[in-house]
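Engineer: A predicted structure for the sequence below; I have some questions about it.
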Amino acid sequence: MATPLSGIQHGGGVAVMAGATNQLELSNKRSCSKSSASPIRIFLFFHKAIRSELDALHRAAMAFASDPSSDIKPLLERYHFLRSIYKHHCNAEDEVIFPALDIRVKNVARTYSLEHEGESFLFDQLFTLLDPNMHNEESCRRELASCTGALETSISQHMSKEEEQVFPLLTEKFSFEEQASLVWQFLCSIPVNMMAEFLPWLSSSISSDERQDMRKWFRRVIPKEELLQQIIFTWMDGEKINKKRKSCIDHSELKSPTDSEASTSICSIDKGQCACESSNTGKREILLPDRCPANSTLDRPVDEILHWHKAIKRELNDIAEAARMIQLSGDFSDLSTFNKRLQFIAEVCIFHSIAEDKVIFPAVDAELSFAQEHAEEESEFEKFRCLIESIESAGANSSYAEFYSKLCSHADHIMGTIEKHFHNEEVQVLPLARQHFSPRKQRELLYQSLCVMPLRLIECVLPWLVGSLSEEEARSFLYNMHMAAPASDIALVTLFSGWACKGRPSNVCLSSTAIGCCPAKLLTGNTEGPAKACACTSFTPVQSVSVGLKDDHERQVKCGNSSQRDERNVSDHSGSTNISKVSFGSQSCCVPGLGVNSNNSLVTAKSLRSLSFSPSAPSLNSSLFNWETDVSLTTSGHVTRPIDNIFKFHKAISKDLEFLDVESGKLNDCSEAVLREFNGRFRLLWGLYRAHSNAEDDIVFPALESRETLHNVSHSYTLDHKQEEELFENISSTLAELSELHRNIMSTGLSRRNSVSSDHNDNLQRYNELATRVQGMCKSIKVTLDQHILREELELWPLFDRHVSLEEQDKLVGRIIGTTGAEVLQSMLPWVTSALTQEEQNKMMDTWKQATKNTMFSEWLDEWWEGKPSASSQASASTSNDVISEGTDVHEALDQSDNTFKPGWKDIFRMNQNELESEIRKVSRDLTLDPRRKDYLIQNLMTSRWIAAQQKLPQARTGEALDGEDVLGCSPSYRDPDREIFGCEHYKRNCKVRAACCGKLYTCRFCHDKVSDHSMDRKATSEMMCMKCLEIQPVGPVCVTPSCNGLSMAKYYCSYCKFFDDERTVYHCPFCNLCRLGKGLGVDFFHCMTCNCCLGIKLLDHKCREKSLETNCPICCDFMFTSSESVRALPCGHYMHSACFQAYAHTHYICPICSKSMGDMSVYFGMLDALMASEVLPEEYQDRCQDILCNDCDKKGSAAFHWLYHKCGFCGSYNTRVIKVDRNPDCVN
């Protein structure tokens, strides 16, 4: 795979968020400061290199999009390289970092693993655009540039979140040694062939100072073994020559031996000493066994594939036999060991198939593929693993008998599938490889296949494979490996040879055949002097390689001459496989081990499989997340939950994102209509998304985090919201600049006429650049939000089923709706419902009505949905924490679902007296009516004759001149006559309203009610008079008379309540269906759906009482729900006017309704304690007791006799009442 080109010119626009780089750099600096003394700092270097590559790739894509003659091949190479690098980076995190973090800190890692999957999907989308048949189209080129920008944004945001959340947790929760171990495991989990490209690329992507810093940290992370450090730094520096190799190789004889010479010049050796000791000249003699078979792999190295096949089949046979033994014995106690063994062979098979798919088959025949067979084998292994886990999870609660036959049949089926597959490969592939490739080429292919595995797995696999070979086969295997390795890999192949020797039961240094001297002496540079035995093989023989038979906490044995590293295994992963653990003798192996847990890397294996040939990303429901909580994606047959309706907003968001993504491509046409529509749609989406994300951050996420087992589950999504808000802000600023530029273009285009303006051309060019940038930004925000929504539904949605009851979900929905103002609801409801089916709309509205059943929401919805009035205009400034209302609760129309009497005014006017009395009795007997509505109907029925007469009066006098006469109030009124400010004593406004009941003009309803014997229905108002021009006109926010030039009637106008206010900050609550003082729901007030009242935002935690405000004040008896006075909430949940409370509290401290204390009375009760202690009762009362009931704690008890004060023995309150008086000599005070 080619490394990326460095000389890419920076041309074209940048289709990512403006200022994103600066933000990411700031985040990077913050993370660096936190982890400057931590091995985790190495990951910051990785992130910087990836960001640099993403930026360069995006610029290259933009240049490709702007230049139709450019070649896509260099760009394609860069895409492949970046995808491979980033994929392996993610795989190593999923295998090492996230499982370790999940043990220490729950609910963090899963989100980032899901993000890795989403990014993999983005890469797949990019590669579909790189189809040679498509990339010549201009639209495809622009789409490729936009998708590249979206990929850059997505990955940059992901890495920024890791730096803000994951890295600080790693630094905080893990010791220095544990962090170093994690980084080393991370490196050992990346395939060898990728490490050889990854580290040189990483070094070239950072500054020289950072490179030195990284080398310093690598020295502290890598085990203090010369060979291991040499391998890593050789990769990092990209060295081509290893000087140590020259000391053991005769260049004149072994520079490049022919294959025929190699097969005949190897002679037998004394099995008691190393080959390097047979010569004192320092030249390496090529040694061969006494007998070389005609079909030796020295002649046909590709036949070593047969060794892999035999070893895999032998292991599978052992597993099948073990399954049968379990069936016969019925002993499932050692299933964990069996499972580890199965996972190891599954990992070997997957990596073996990856090597064939990526290395062997493409070289033999580009059309040859066994991808389907490899995928089927992986699926079979997964089914087997799931069966074993189901047996383990059943435990003692289930009989194992039902699993016996399945276990054996699965083992036999896998064995049969593998044997058939291997046979087909041996018949179809190996003959072609023998025919078309020289032995040298065959060795190179096999060596490249081995390097597809990570170091961690190779350390386990080589002893396992070599242990299954004969001595001659093992010598040939090591020789071929050594001869195929490039000069720069001498240290690596030395390590491989040493590991391979650990699989042999004899005391022979097999590696000397290939290397020419013992690896131990190669490390020290000493090739002289006799040795009785090779250090490489100084361990006791083993009959077979065991899988996971010992505790995973044991460390691998290191070089005998070097000090052992500190224990750095930070976690005991249940799925770890210790396949390379063998029984060592007293002498340590001279070739060092990696010193890492042999964790099962099926995560890496499966992801590599998808990277190698799969056209799409792995399923999010795959076994990639076996270590995490299972998530069911099936919703069919699912009972509708209240919280599901919140997620219906996701559907509407996705629909608008798709619109913006498509329509942004039309902005280059410079059409004013397109730009205006796009701008409006974007503003709508941004506002509604902000309301949705705020509801999640303030209500939904805290509800999940309140569960002990769900701590940290939402932090990542909160960070997403911040990043997405920045994206919206950047798009908004770019759109504003684009709109301004469009106006300039239109003005200069109209004025230039016959002359060509250079400014006009410059503006056009700048406009196209900005339009292209907006298109890329829209692609970025679409991709980001789509992935965010998907992760929420995968991870968070199922949690509500397990942790939040339906009643709690109803309350959550109520709280969310209760912080949403009428203006937002007016925009939100049509927006959401347009994206839903009719059934989904009905379910959503049913849920909303259920959550708001105690409120006037249905009434407001009916009024608005039918009439679709204009939104209320909002004013600014007011900081009231009390509940303040200004309005009335008179409503003409009842809920449409009621089957009760609903007469209109015309029906009432046509009734005779008997009919009216009959209807009044019918309404009075109707128990389904709300008492307030019942009173309203009865009152209006009783006064209907008078109302009818009053309504005829203005109709008769229409058009008559009333000069000098103020019968209808057709004259201005003033709030401040001196300054000629229109209004009245109640409100400042520039209009009068015409009462529908009597046809007269009044400044407000209070002015009407003050001089009339009836109340004014403000919502029935349809006409107003502008007090400047004195023209009567339809009620509205501005005067429609041309002479007034659009004079505003007030800063605030409510189309529901027909209410005007030019002084205060007012909002309309759709749940009270009234206008109230305040900045609005979700700002300084919220509506409690149980209490059915608007409360200050500080009262979120209050005691709820159903419809508690729909009652009279206990002091003044005024109806509080529609009262214009401020209301105070008491601790017991009752309410009274604030002014009434102040007057009442001067003489009382108990609630007049429930008698509980109205506040903290500890100081007062302390004073009473002192008073009681100083008093001495007369002798005749000292032996009396009184049974009391405490009003505060509701407990009964006894207290010493007193005329006034009786203290509760439970809570210490004096708020008690006497139940009974007894003469009891044993009474205790």
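Structural biologist: Nice, I can see it. Residues are numbered from 1 along each chain as shown.
Engineer: Three-state assignment for residue 827, please.
Structural biologist: Assigned by DSSP: H, G, I helix; E, B strand; the rest coil, the conformation of residue 827 is helix.
Engineer: for it, give me the pLDDT.
Structural biologist: pLDDT for residue 827: 85.
Engineer: what about it, neighbour count?
Structural biologist: Neighbours of residue 827 under the rule other CB atoms under 10 Å: 15. Glycine gets a C-beta too; all of them are placed from N, C-alpha and C.
Engineer: next one: it from residue 662, what distance?
Structural biologist: Distance from residue 827 to residue 662, counting by CB to CB, to the nearest Å: 22 Å.
Engineer: doesn't residue 1068 make contact with residue 1052?
Structural biologist: No - with contact defined as CB atoms under 8 Å, residue 1052 and residue 1068 do not form a contacting pair (9.2 Å).
Engineer: mind giving me the packing neighbours of the helix ranked longest in the chain?
Structural biologist: For the chain, the helix with the greatest residue count under DSSP state H is helix 715-752. If contacts are counted by 3 or more CB pairs under 8 Å, 6 or more residues apart in numbering; DSSP states H and E, helix 715-752 sits against helix 20-34, helix 109-129, helix 138-161, helix 672-695, helix 758-791.
Engineer: next, the angle helix 138-161 makes with it.
Structural biologist: Per axes from the mean of the first three to the mean of the last three CA atoms, to 10 degrees, the angle that helix 715-752 makes with helix 138-161 is 140 degrees.
Engineer: for helix 715-752, what is the distance to the chain centroid?
Structural biologist: Relative to its chain's centre, helix 715-752 lies at 26 Å (CA atoms, centre = their mean, to the nearest Å).
Engineer: got the buried residues for that helix?
Structural biologist: By neighbour count with 16 or more other CB atoms under 10 Å, helix 715-752 contains the buried residues 715-717, 719-721, 723-724, 726-728, 730-731, 734-735, 737-739, 741-742, 745, 748.
Engineer: doesn't residue 713 lie inside a strand?
Structural biologist: No - judged by three-state DSSP, residue 713 forms no part of a strand; its state is coil.
Engineer: quick check: it touching residue 107?
Structural biologist: Yes - between residue 713 and residue 107 a contact is recorded at 3.9 Å, counting by CB under 8 Å.
Engineer: which stretches of the stretch 451-600 of the chain have low pLDDT?
Structural biologist: Along the stretch 451-600 of the chain, the parts satisfying pLDDT under 70 run over 505-590, 597-600.
Engineer: residue contacts, residue 462?
Structural biologist: 496, 499, 500, 502, 503 (CB atoms under 8 Å, 6 or more residues apart in numbering).
Engineer: since we're on the fourth one, how many residues are nearby?
Structural biologist: What it means is residue 502. By other CB under 10 Å, 25 other residues sit near residue 502.
Engineer: from the centroid of this protein, which residue is nearest?
Structural biologist: Nearest to the mean C-alpha position of the chain, by CA atoms, centre = their mean, lies residue 717 at 4.2 Å.
Engineer: so what's that residue closest to, chain neighbours aside?
Structural biologist: Leaving aside its sequence neighbours, residue 717 sits nearest to residue 792 (CB to CB, 6 or more residues apart in numbering; 6.4 Å).
Engineer: need the contact list for the one you found.
Structural biologist: Applying CB under 8 Å, 6+ apart, we find residue 792 in contact with 647, 650, 717.
Engineer: ok, residue 315 next?
Structural biologist: When contacts are counted by CB under 8 Å, 6+ apart, residue 315 touches 341, 345, 348, 464.
Engineer: nearest to residue 1117 among these?
Structural biologist: Closest to residue 1117 out of these is residue 341 (82.2 Å), distances taken as CB to CB.
Engineer: gap between that closest one and residue 659?
Structural biologist: Per CB to CB, residue 341 is found 54 Å from residue 659.
Engineer: next one: residue 932
Structural biologist: Note on residue 932: its distance to residue 659, by CB to CB, is 44 Å.
Engineer: rewinding a little: where among the helices and strands packed on helix 715-752 is the average confidence lowest?
Structural biologist: Ranked by mean pLDDT, these bottom out at helix 20-34, with a mean of 45.
Engineer: surely residue 748 meets residue 763?
Structural biologist: Yes - using CB under 8 Å, residue 748 is in contact with residue 763, at 6.7 Å.
Engineer: strands of the stretch 901-1050 of the chain, start to end?
Structural biologist: Under the criterion DSSP state E, counting those that start in this stretch, strands of the stretch 901-1050 of the chain are mapped to 974-976, 981-982, 991-994, 1001-1002, 1023-1026, 1032-1034.
Engineer: sorry, slip of the keys, the one I care about is the stretch 751-900 of the chain.
Structural biologist: For the stretch 751-900 of the chain, strands defined by DSSP E, counting those that start in this stretch occupy the ranges 885-886.
Engineer: so where's it uncertain?
Structural biologist: Residues of the stretch 751-900 of the chain meeting the criterion pLDDT under 70: 751-757, 865-900.
Engineer: for the closest residue to residue 643 other than its chain neighbours, what are its contacts?
Structural biologist: Using CB to CB, 6+ apart and skipping the chain neighbours, the partner closest in space to residue 643 is residue 809 (4.5 Å). Shown in contact with residue 809 (CB under 8 Å, 6+ apart): 641, 642, 643, 800.
Engineer: which one of the contacts of residue 792 is nearest residue 484?
Structural biologist: Nearest to residue 484 among the contacts of residue 792: residue 717, at 49.3 Å, using CB to CB.
Engineer: that closest one reaches residue 110, doesn't it?
Structural biologist: No - counting by CB under 8 Å, residue 717 does not reach residue 110; the two are 11.8 Å apart.
Engineer: which element is residue 591 on?
Structural biologist: Assigned by DSSP states H and E, residue 591 belongs to no helix or strand.
Engineer: neighbours around it, how many?
Structural biologist: A count of nearby residues for residue 591, using other CB under 10 Å, gives 28.
Engineer: that one and residue 227 touch, don't they?
Structural biologist: Yes - counting by CB under 8 Å, residue 591 touches residue 227, with 7.0 Å between them.
Engineer: distance of residue 1191 relative to residue 372?
Structural biologist: Using CB to CB, residue 1191 is found at 79 Å from residue 372.
Engineer: before we move on, what about residue 179?
Structural biologist: Using CB to CB, residue 179 is found at 42 Å from residue 372.
Engineer: which one of those two has more residues nearby?
Structural biologist: Neighbour totals were compared for residue 179 and residue 372, and residue 179 leads with 24 against 9 (other CB under 10 Å).
Engineer: and the chain, what are its domain boundaries?
Structural biologist: 40-193, 301-453, 645-749+761-856, 970-1064, 1105-1159, 1164-1218 (the TED database).
Engineer: just those: most buried one?
Structural biologist: domain 40-193 (a mean of 20; mean count of other CB atoms under 10 Å).
Engineer: related to what we said a few turns ago, name the nearest of the contacts of residue 462 relative to residue 322.
Structural biologist: Distances from residue 322 to the contacts of residue 462, taken by CB to CB, are shortest for residue 503, at 20.7 Å.
Engineer: dihedrals phi and psi, that closest one?
Structural biologist: Backbone torsions for residue 503, taken as degrees, to the nearest 10, come to phi -90, psi 0.
Engineer: likewise residue 106?
Structural biologist: Residue torsions, per degrees, to the nearest 10, at residue 106 are phi -80, psi 160.
Engineer: wait, isn't it in contact with residue 709?
Structural biologist: Yes - judged on CB under 8 Å, residue 106 makes contact with residue 709 at a distance of 7.3 Å.
Engineer: for the one helix or strand residue 315 maps to, give the mean pLDDT please.
Structural biologist: Assigned by DSSP H and E, residue 315 belongs to helix 304-329. Computed over helix 304-329, the mean pLDDT rounds to 82.
Engineer: now do the helix or strand following it against helix 304-329, angle only.
Structural biologist: Counting by DSSP H and E, the next helix or strand C-terminal to helix 304-329 is helix 335-355. Interaxial angle of helix 335-355 relative to helix 304-329 (the same axes, to 10 degrees): 160 degrees.
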